[in-house]
Each structure stands twice: as structure tokens, then as C-alpha cells.
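Trainee: Could you look at this predicted model? Sequence included:
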Amino acid sequence: MGAKPQDPDFITDLRIKAEEGSAKAQYNLGVMYTEGEGVIKDYKQAYMYANISSYNGSKEAIKLRELIEKELTAEQINEAQELSREWIKSHK
């Protein structure tokens, strides 16, 4: 049996890969936060991870980010963009 998204080890491994620069892991975290799969649904966190993934070259993350934007106010988008900048800066 493989790991499942609600498995804490799966999420921990995904976060580690995201911190190591994996655009795919960052994208997957964005999807998980969008859907509330294995984590509490949080559109700002979802946007942050989608934004970071797109920054790292993921084309599918750009589409995800556009979908998430529809769920956020302009202020929330600005906050999520700031979270993205801080995350990128702290993971260089």
C-alpha cells in the first residue's frame, strides 16, 4: 500500500520535497489546500503553493492559481503573494 494524502508522513514528505524546490510537490500542496485533502482547506495557503510552483516552472500551477484567485478577495491575494515572497526568500 502506498502513502495516502491524509497520511501525516505523506504530507511531511511532500513538504520536505517542496522545501527542496520540487515544483510538483509545491503544486500538489496547492491542490491539497484547495480541496482540503489531508489538510484544512485554506485558499491563501493553496494560492501560496501554486504561486511558488509556478515561479519554479509549473504550467499547471498557473492554472491552479487562476482558479484559486476566484475564491479570494484582492486583499487575500495580496496577502498570499506576500506569503509566497517570504517563503521563496526563506528557502533559497
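Mentor: Structure's in. What do you need?

Trainee: Could you give the number of residues near Asp9?
Mentor: 9 (other CB atoms under 10 Å). In short, each C-beta sits where N, CA and C put it, glycine included.

Trainee: got a list of contacts for the host helix or strand of Lys44?
Mentor: Take DSSP states H and E as the rule and Lys44 turns out to sit in helix 43-55. Helix 43-55 has contacts (CB atoms under 8 Å, 6 or more residues apart in numbering) with 18, 23-24, 26-27, 29-34, 39, 61-62, 64-65, 68-69, 71-72, 76-77, 79-81, 83-84, 87-88.

Trainee: Next secondary structure after that helix?
Mentor: By DSSP H and E, the next helix or strand past helix 43-55 is helix 59-69.

Trainee: Any stretches of this protein with poor pLDDT?
Mentor: Applying pLDDT under 70 to the chain flags residues 1-6.

Trainee: So in it, which helix runs the longest?
Mentor: helix 74-90 (DSSP state H).

Trainee: and that helix, what does it pack onto?
Mentor: Where contact means 3 or more CB pairs under 8 Å, 6 or more residues apart in numbering; DSSP states H and E, helix 74-90 is packed against helix 43-55.

Trainee: okay, the helix it packs on in PDB with CA atoms only?
Mentor: Provided in PDB are the C-alpha atoms of helix 43-55 (Å, rounded to 0.1, in the frame of the first residue of the first chain):
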ATOM      1  CA  TYR A  43      -7.200  29.100  -0.200                       C
ATOM      2  CA  LYS A  44      -4.400  31.500   0.900                       C
ATOM      3  CA  GLN A  45      -2.000  28.600   1.500                       C
ATOM      4  CA  ALA A  46      -3.200  27.000  -1.700                       C
ATOM      5  CA  TYR A  47      -2.500  30.200  -3.600                       C
ATOM      6  CA  MET A  48       0.900  30.500  -2.000                       C
ATOM      7  CA  TYR A  49       2.000  27.000  -3.000                       C
ATOM      8  CA  ALA A  50       0.500  27.300  -6.500                       C
ATOM      9  CA  ASN A  51       2.300  30.700  -6.900                       C
ATOM     10  CA  ILE A  52       5.600  29.200  -5.700                       C
ATOM     11  CA  SER A  53       5.200  26.200  -8.000                       C
ATOM     12  CA  SER A  54       4.500  28.500 -11.000                       C
ATOM     13  CA  TYR A  55       7.600  30.500 -10.000                       C
END
